[in-house]
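**Student:** fold the following for me, if possible:
(chains A and B)
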Amino acid sequence: MDAEAAKLIGAALAIGIGAIGPGIGIGIIGGKAMESLGRNPEAESSIRTNMILAIALTEGIAIFALVISLIIKFV
Amino acid sequence: MTATYLTATTEHAAQATSPHVADTAAKAETHAGPHVSIKAEPVFSVAGFPIANSMLLSFFVFAFFIAIVAKYNTDAKKPKKSGLFYFVTFALRGIYGLFESALGDKTMYFFPLIGAFFFYILLNNWAGLLPGVGSVLIHHVPLLRANTADLNTTIALALVSVFMVQFYGVKHLGGSYFKKFINFANPISFFVGILEIVSEFSRILSFAFRLFGNIFAGEVLLAVVSFLIPAFVSFPFLMLETFVGLIQAVVFSMLSAILFRLAITSEH
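**Tutor:** Below is the predicted model:
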């Protein structure tokens, strides 16, 4: 395996493994938001705002993995 | 499709002539995909100072923003106001209400800075989605690039945000603000202080890379999708990126707001 192939595999693994954790996390956030929406539907707008904020923070972790894999691939 | 076919045929022709040329042609072939550069590239220089493509677009965004502000300002003094005035007021009220949920009675105090963060990031994110940005090339370098897809900009924004957290903390709590970081009361609070110092620095990185990563990943996604299927298919992704641009602007300014709020409240 030459260095170029190792780089490609490394880039794919970085984002592939890095997306697992945030995927689970976003699922938990969405599920909990639905749950609390079922408990008190009148709080929908504040639940939605906070859910999107939390999802964006969780997604940031996947984005770090993506940045690493882009750096491996293009730099 | 035609473009890849053409490069493939030229590569074959080169292979026939000399092995060395074929090697360079094959190298060019591996980079024949969409133009992706992780850093902003200089397009021209003014008196030895290089102007990068991301900076060039931010100049246009500044000009647009100042034009809107000037129009808003003149409209505010007139009895008969234009539709733009009401639209900008509507947007400002929406954003103000959003930050009010996090900042409470301190909203007016922090809004100039937080709102500046929000509108700067939002307009730059959306400017990066305009047609022509990234696709108009000058000497194989894109003429324009979203300013927030440049790590220099996002690190600068993150530094401003984290510095202002310290500034507001010292302004409102005085010397007791530093008790959060250096505390010899007991061993546990001493090590918690060290963790606080580290987390302040890691905040710069996470602020910068979250914004940069989201916008740059969106650019790469759009470039790859429109390279694979040139027509129509990139439209839903464009909608997604518009949404992501708004969300990232909200996230950056909202996190700054929460950190400001935390910095000015003393712990008892």
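**Student:** taking chain B, what residue is nearest to chain A?
**Tutor:** Nearest residue of chain B to chain A, counting by CB to the nearest CB: residue B:213, 3.5 Å away. Using the backbone N, CA and C atoms, a C-beta is placed for each residue, glycine as well.
**Student:** quick check: closest non-adjacent residue to that residue.
**Tutor:** Among residues not flanking residue B:213 along the chain, residue A:63 sits closest, at 3.5 Å (CB to CB, 6 or more residues apart in numbering or on different chains).
**Student:** make sure residue A:62 is actually in contact with residue A:18.
**Tutor:** Yes. Residue A:62 is in contact with residue A:18 according to CB atoms under 8 Å; the separation is 6.0 Å.
**Student:** re earlier: just read off the phi/psi values of the residue nearest to residue B:213.
**Tutor:** Dihedral angles of residue A:63 (phi, psi; degrees, to the nearest 10) stand at phi -70, psi -40.
**Student:** identify the residues contacting it.
**Tutor:** The contact partners of residue A:63, taken as CB atoms under 8 Å, 6 or more residues apart in numbering or on different chains, are B:209-210, B:213-214, B:217.
**Student:** what mean pLDDT does the host helix or strand of residue B:56 get?
**Tutor:** Element membership for residue B:56 (DSSP states H and E) is helix B:53-77. Helix B:53-77 shows an average pLDDT of 91 in the prediction.
**Student:** and the angle for the very next helix or strand once past that helix with helix B:53-77?
**Tutor:** Following helix B:53-77 in sequence order, the next helix or strand is helix B:83-103 (DSSP H and E). With axes from the mean of the first three to the mean of the last three CA atoms, to 10 degrees defining the directions, helix B:83-103 sits at 110 degrees from helix B:53-77.
**Student:** is there any residue in the helix or strand following helix B:83-103 that contacts chain A?
**Tutor:** Next helix or strand after helix B:83-103 toward the C-terminus (DSSP H and E): helix B:107-127. No. Using CB under 8 Å from any CB of the partner chain, helix B:107-127 stays clear of chain A, coming no nearer than 12.7 Å.
**Student:** hang on, the earlier thing: the helix holding residue B:56 versus helix B:107-127: what angle between them?
**Tutor:** Using the same axes, to 10 degrees: helix B:53-77 against helix B:107-127 is 130 degrees.
**Student:** now helix B:53-77: buried residues?
**Tutor:** Using 16 or more other CB atoms under 10 Å in any protein chain shown as the burial criterion, the residues of helix B:53-77 that qualify are B:53-58, B:61, B:72, B:75.
**Student:** out of the contacts of residue A:63, which is most surrounded?
**Tutor:** Neighbour counts for the contacts of residue A:63 (other CB atoms under 10 Å in any protein chain shown) peak at residue B:214, which has 28 neighbours.
**Student:** quick one: the helices in chain A?
**Tutor:** Here chain A has its helices, by DSSP state H, at A:3-18, A:20-39, A:44-74.
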